[in-house]
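Visitor: Build me a structure from this.
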Amino acid sequence: MTTQDTPRDAIRMEKKGRIVTIIIDRPEVRNAIDSDTAGALSDALRAFEADPEAYVAVICGAGGHFCAGGDLAAMVAHGENPIRERGDGPLGLSRLVLSKPVIAAVSGYAVAGGLELALFCDLRIAEESSVFGVFNRRWGLPLCNGGTVRLPRIIGHGRAMDMILTGRPVDAAEALSFGLVTRVVADGRARMEAEGLAEAMAAFPPEGMRCDRHNAIHQHAFGVEAALDHELNHAAALFDNDDALMGARAFVAGKGRHGDFSGSGKGALKK
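Guide: Below you'll find the predicted structure:
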């Protein structure tokens, strides 16, 4: 495993094989994100995107919490207005678009902007004691990192409005029932479980997964007929890619049948 500190050490990156784990390391403020940390987080995600040997990323927080949102103390002390920030958005991610999957490993609080960070991810693994919520409702601040866009799309308008308007805490069990989280695991195991899932995903040939992920995300912008055309066009382009057909040839040769996913990764298919 290799460890890399970003220029601002509140964000750390660890790479093991094809998996990159991005760690928010500000436990003294429950991993709340100030402007420097936001920039470092954006840099880390861009580095993951640019690395051809990195297939899946995991985001987690140090010290028992995922992220408590924006650092209000820093905002007040420095007179920062996160809404006016340029670039990728206040937490360094609301406008960032990646081609590869990201998994949130949630422990403790994932609230306010921290909830939005979890929503940015494709999948969310939550520990039993984790708490989600639009806690910024309590101090009169709006969501500004994609929360009003992603939350309704993930859990539906009615449940999203419940969370947005009341600001109430949502525990892991309720979040699972909403579809807000993918799995609930024992406390202390979110990162381990997320990295295990990432490794399983990284074993697949990446081209087809990235194509399907792209189509599933971007279909919201279209009506049904246009979305179907968009899907078909992107899939057709992939079938022109010889690398994408390795899986089909491997299947014909006997791999991947009868529910066997072992050896189906791109590296294995080259053997």
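
Visitor: elements contacting the helix or strand encompassing Ala40?
Guide: Using DSSP states H and E, Ala40 sits in helix 35-50. If you count contacts as 3 or more Cβ pairs under 8 Å, 6 or more residues apart in numbering; DSSP states H and E, helix 35-50 packs onto strand 11-16, strand 19-24. Any C-beta I mention is one placed from the backbone N, CA and C, and that applies to glycine too.

Visitor: mind listing the strands in the stretch 151-271 of the chain by residue range?
Guide: Applying DSSP state E, counting those that start in this stretch to the stretch 151-271 of the chain gives strands spanning 170-171, 183-185.

Visitor: So which elements touch the longest one?
Guide: It stands for strand 183-185. Counting contacts by 3+ Cβ pairs under 8 Å, 6+ apart, strand 183-185 is packed against strand 123-127, helix 172-178, helix 190-202.

Visitor: how about 7 Å then?
Guide: Packing contacts for strand 183-185, counted by 3 or more Cβ pairs under 7 Å, 6 or more residues apart in numbering; DSSP states H and E, involve strand 123-127, helix 172-178.

Visitor: One more: the first one?
Guide: With contacts defined as 3+ Cβ pairs under 7 Å, 6+ apart, strand 170-171 has these neighbours: strand 131-133.

Visitor: sec struct for Gly92, please.
Guide: Applying DSSP: H, G, I helix; E, B strand; the rest coil to Gly92 yields a three-state assignment of coil.

Visitor: since we're on it, how many residues are nearby?
Guide: 27 (other Cβ atoms under 10 Å).

Visitor: so how far is Cys211 from it?
Guide: Counting by Cβ to Cβ, to the nearest Å, the gap from Gly92 to Cys211 is 26 Å.

Visitor: And the helices in the stretch 101-250 of the chain?
Guide: Secondary structure of the stretch 101-250 of the chain (DSSP state H, counting those that start in this stretch): helices at 113-120, 147-155, 157-166, 172-178, 190-202, 206-218, 224-239, 246-252.

Visitor: Grab the nearest non-local neighbour of Ala44.
Guide: Take Ala44 and drop its neighbours on the chain: the residue closest to it by Cβ to Cβ, 6 or more residues apart in numbering is Ile22, 4.9 Å away.

Visitor: correct me, but Val29 touches Asp71?
Guide: Yes - using Cβ atoms under 7 Å, Val29 makes contact with Asp71 at a distance of 5.9 Å.

Visitor: This completes my enquiry, with thanks.
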